[in-house]
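Asks: Give me coordinates for this.
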Amino acid sequence: MQTIDGVGKDTALPIVSEIGMDMDRFPNQYHLASWFRVSPGSNESLGKKKH
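Replies: Presented below is the predicted three-dimensional model:
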């Protein structure tokens with residue numbers, strides 16, 4: 001976990017406690033980030049920005 005940019009010991013521990021050590025359920029790092037809700041979202045639709 002700590003090989004991921006921005007993830008240190010203090011961040012890795014809660015992530016591992018939530019998902020466990022089996023990373024095979026996530027096809028790639030983007031799916032993991034999405035599951036953990038840290039992936040960037042889309043705040044614009046049809047030219048209208050959400051606040």
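
Asks: rest of the way, CA atoms for contacts and neighbours
Replies: OK.

Asks: Extract the CA atoms of the helix or strand containing residue 10 and return them as CSV.
Replies: Assignment of secondary structure by DSSP states H and E places residue 10 within helix 9-19. Output of helix 9-19 as CSV, limited to C-alpha atoms (Å, rounded to 0.1, in the frame of the first residue of the first chain):
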residue,chain,number,x,y,z
LYS,A,9,1.7,4.2,7.1
ASP,A,10,-1.1,6.2,8.7
THR,A,11,-3.3,6.0,5.5
ALA,A,12,-2.4,2.4,4.7
LEU,A,13,-3.5,0.9,8.0
PRO,A,14,-7.2,2.0,7.8
ILE,A,15,-7.4,0.9,4.1
VAL,A,16,-6.0,-2.5,4.9
SER,A,17,-8.3,-2.9,7.9
GLU,A,18,-11.3,-2.1,5.7
ILE,A,19,-10.5,-4.2,2.6
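
Asks: What lies in contact with it?
Replies: Residues outside helix 9-19 that contact it (Cα atoms under 8 Å, 6 or more residues apart in numbering): 1-2.

Asks: chain center to it, what's the gap?
Replies: 11 Å (Cα atoms, centre = their mean, to the nearest Å).
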